[in-house]
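Participant: pasted the sequence and its predicted model underneath.
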Amino acid sequence: MALREIIKLPDKRLRLVSDLVKAIDGDVRALVDDMFEAMYDAPGVGLAAIQLGVPKRIVTVDTAKKDEPKQPQVFINPAIVWTSEETAIYEEGCLSIPEYYEEVERPSQVKVKFLDLAGKTQEVEADGLLATVLQHESDHSNGILFIDHISKLKRDRVLKKFAKAAKRADE
Ligand SMILES: [Zn+2]
């Protein structure tokens, strides 16, 4: 199957609220395969289905380091059911906002409920990078981008830059 393109700012679909997955069928499984392919190709540590233009609540993650074996993880209908009071700051980036990185403060630990590919309910308690990635990707399913967590001044600057670049590409 052909590699699917990751949509980028200022694509309006990034602001859609994604739908719950009702049945884990062949279409969902094929979409998950496409998501991993696009995520590994980029490369990135996480991807939400909306980043392939599909408004479904599906997230793929692999936080393994380059020299470690792959650790592909799928989260269907992820829901953050608990966050710690303690926060952590990570420099985040986004495959839909290429080559832009900024520090974001989020809860350092989260509990996430989700369905696995077999349709079984699972719960994971995450900290470190995985906690940040799960929050970043869950945000995507709600039309929220990491730049929404930075100052308005910085956000406006990024939005302007990407709007300009898109306009140039159209000309
Ligand atoms: Zn992202």
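Facilitator: Done, it's in. Numbers count the residues shown, from 1 in each chain.
Participant: next one: the host helix or strand of Val133 to chain centre, how far?
Facilitator: Assessed by DSSP states H and E, Val133 sits inside helix 128-141. In terms of CA atoms, centre = their mean, to the nearest Å, the centre of helix 128-141 is found 6 Å from the chain centre.
Participant: how about exporting that helix as CSV, limited to the C-alpha atoms?
Facilitator: Only the C-alpha atoms of helix 128-141 are listed here, as CSV (Å, rounded to 0.1, in the frame of the first residue of the first chain):
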residue,chain,number,x,y,z
GLY,A,128,8.1,10.1,31.1
LEU,A,129,8.0,10.4,27.3
LEU,A,130,5.1,8.0,27.0
ALA,A,131,2.9,10.2,29.2
THR,A,132,3.7,13.3,27.1
VAL,A,133,3.1,11.4,23.8
LEU,A,134,-0.2,10.0,25.0
GLN,A,135,-1.4,13.5,26.0
HIS,A,136,-0.2,15.1,22.8
GLU,A,137,-1.9,12.4,20.6
SER,A,138,-5.1,12.4,22.6
ASP,A,139,-5.2,16.2,22.1
HIS,A,140,-5.1,15.6,18.3
SER,A,141,-8.3,13.5,18.6
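Participant: spatially central residue in the chain, please.
Facilitator: For the chain, the residue sitting closest to the mean C-alpha position, by CA atoms, centre = their mean, is Glu137 at 2.9 Å.
Participant: host element of the residue nearest to that one when sequence neighbours are not counted?
Facilitator: Once flanking residues are discounted, Glu137 sits nearest to Val59: 4.1 Å by CB to CB, 6 or more residues apart in numbering. Placement of C-beta: from N, CA and C, glycine included. According to DSSP H and E, Val59 maps onto strand 58-61.
Participant: cool, thanks, signing off.
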